[in-house]
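# Sequence first, predicted model second:
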Amino acid sequence: MKTVSDVIVVGGGPAGSFTAMNIARQGVSVTVLEEHKEIGVPSHCAGHLSIDGLKRLGMYPLPAGIVENTFHGARFHSPSGKILSVHFPSPVTCAVNRELFDKHLAGLAKAAGVDYCLGSRVESLMLGDGGAVKGVVARREDNVERVSAKIVVDAEGVSSRLVMQAGLPTLDRCWLFSGVEAEVENVKDIEQDTVEVFLGRDWAPGFFAWLIPKGEGYAKIGLGTRRGNPKELLHRLMVKHPAASKKLRNTRILRTIYHPITLGGPIPRTYSHGFMIMGDAASHVKSTTGGGIVLGLTCTRFAADVAVEALQRSDFSARFLSSYQRRCEEALGFDVKVMLRLRKMLDAMSDRQMDNAIVFCSRIGLDKALSSTKDIDFQGKSLSRLLPHPRVLAALGYLFYIYLSANP
């Protein structure tokens, strides 16, 4: 392990690797410290990504084998079984193998000159005068080393250990949900190009459950929940849900993973002297769906540019690094505010209100209006473009009426 590096990135997930790659491509020495002994293991999410989002990042098409399936749309099941389907003329999303996806990003970073130290758990920050971050203390097997750096990038995920050590506000724990994801075989009667979403407090309190076909009878199923045991809720969905059980009751679970989902929007401050935060640690995640890869990777580009500028100027102050957060807010601010408001509106709805909303949206033909946009990452801007459409206005007005009724 290098004991000195220009930049240390904590975490070898997508946000960490993409940041490291973009910094290293500008001639900077970068070391990634990853606590696990293999990149991409364990997997942390369903890997359901927007194709347009990946294209904007210059990452699509992906190498053979990473994309498991592509999708033309989604089918939403209300708590009582009402259905709203949205279909697009061409694929809008894809499911990726997260292990291979993460390894692909790490491979790109290594090709750019990034040094990876696997099995290296960062235990604490090295702090200097005034709380300035000067590096990290990392454990690798029985060895503990102090690794100096001019900038430390925190891409550790939702644990927020280093954020707390830096004295910065962390994730809003009120918006930290429990997630479970399983890969199954012998799935029956599913449309291969359609993701299915199951709503209702009996199945996924405060969030939703999903079924993502992989092809040949294989699928990813999972859910997020504000309360309750996610394992028990997933079992209940598979055996008791009126629609999901018909597809899943004879399946065999191949593997199951559990992971937290942060839905509260970006943390208030993502920088301090010599320190920047990104990815799930910064809660760069869509409050509506829990997806964070495209938003997170978008912000890593800003972090990389600011880090390189700081190195060129030898200015690692909080004041200089604050431009990272400003750039993120300029790119995402409107969208994350809209998505958090939508999440709060959805969270306030009872099952009966959700049923009525699905029926109303289906009756007015909302699916036809939604099918005219393919941008599912920057949802605030997408809704703004759709606002002139009377069906979208009617649906938003209905949801807002329900929200106000629940929050007088």
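That came in fine, so what should we check first?

# so how far is the longest helix belonging to the chain off the chain centroid?
Taking DSSP state H as the criterion, the chain has its longest helix at helix 318-347. For helix 318-347, the distance from its own C-alpha centre to the chain's C-alpha centre is 14 Å (C-alpha atoms, centre = their mean, to the nearest Å).

# Just confirm residue 179 contacts residue 220, I think it does.
No. Contact status for residue 179 versus residue 220: not in contact, 12.0 Å apart, counting by C-beta atoms under 8 Å. (Each C-beta comes from the backbone N, C-alpha and C, glycine too.)

# Same drill for the two, tell me which one is more crowded.
The neighbour comparison of residue 179 against residue 220 (other C-beta atoms under 10 Å) goes to residue 220, with 24 against 20.

# Spatially nearest residue to that one (excluding sequence neighbours)?
Counting by C-beta to C-beta, 6 or more residues apart in numbering, residue 212 is the residue found nearest to residue 220 once chain neighbours are left out, at 4.3 Å.

# I'd assumed residue 46 was in contact with that neighbour.
Yes. Taking C-beta under 8 Å as the definition, residue 212 is a contact partner of residue 46 at 5.9 Å.

# between those two, who's got more neighbours?
For residue 212 versus residue 46, the count of surrounding residues by other C-beta under 10 Å is larger for residue 212: 26 against 22.

# host element of residue 19?
For residue 19, the host element (DSSP states H and E) is helix 14-24.

# how near is the residue nearest in space to the middle of the chain to residue 339?
Note on the chain: the residue nearest the mean C-alpha position is residue 292, at 1.9 Å, using C-alpha atoms, centre = their mean. Using C-beta to C-beta, to the nearest Å, one gets 11 Å for the distance from residue 292 to residue 339.

# Would you mind grabbing the residues shared as contacts by these two?
Common neighbours of residue 292 and residue 339, using C-beta atoms under 8 Å, 6 or more residues apart in numbering, are residue 286.

# what's the longest helix of the chain packed up against?
The helices and strands touching helix 318-347, judged by 3 or more C-beta pairs under 8 Å, 6 or more residues apart in numbering; DSSP states H and E, are strand 271-272, strand 275-277, helix 293-313, helix 379-386, helix 390-406.

# And the contacts of the last one?
With contacts defined as C-beta under 8 Å, 6+ apart, helix 390-406 is touched by 342, 344-346, 348-350, 353, 357, 360-361, 364-366, 368-370, 383, 386-387.

# Give me the angle between that helix and helix 379-386.
130 degrees (axes from the mean of the first three to the mean of the last three C-alpha atoms, to 10 degrees).

# One more: the third one?
Computed with the same axes, to 10 degrees, the direction of helix 293-313 lies at 120 degrees from that of helix 379-386.

# quick one: buried residues of helix 293-313?
By neighbour count on 16 or more other C-beta atoms under 10 Å, the buried set for helix 293-313 is 293-308, 310-311.

# Then stretch 334-346?
Applying a neighbour-count criterion of 16+ other C-beta under 10 Å, the buried positions in stretch 334-346 are 335-336, 338-343, 345-346.

# one step back: give me the common contacts of residue 212 and residue 46.
Taking C-beta under 8 Å, 6+ apart as the contact rule, residue 212 and residue 46 both touch 95, 220.

# Enumerate every residue touching residue 46.
If a contact means C-beta under 8 Å, 6+ apart, then residue 46 has 95, 98, 181, 210, 212, 220, 222 as its contacts.

# As JSON lines, those residues with secondary structure and pLDDT would be great.
What follows is the contacts of residue 46, written out as JSON lines (DSSP: H, G, I helix; E, B strand; the rest coil; pLDDT from 0 to 100):
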{"residue": "95", "secondary structure": "strand", "pLDDT": "98"}
{"residue": "98", "secondary structure": "helix", "pLDDT": "96"}
{"residue": "181", "secondary structure": "strand", "pLDDT": "96"}
{"residue": "210", "secondary structure": "strand", "pLDDT": "98"}
{"residue": "212", "secondary structure": "strand", "pLDDT": "98"}
{"residue": "220", "secondary structure": "strand", "pLDDT": "98"}
{"residue": "222", "secondary structure": "strand", "pLDDT": "98"}
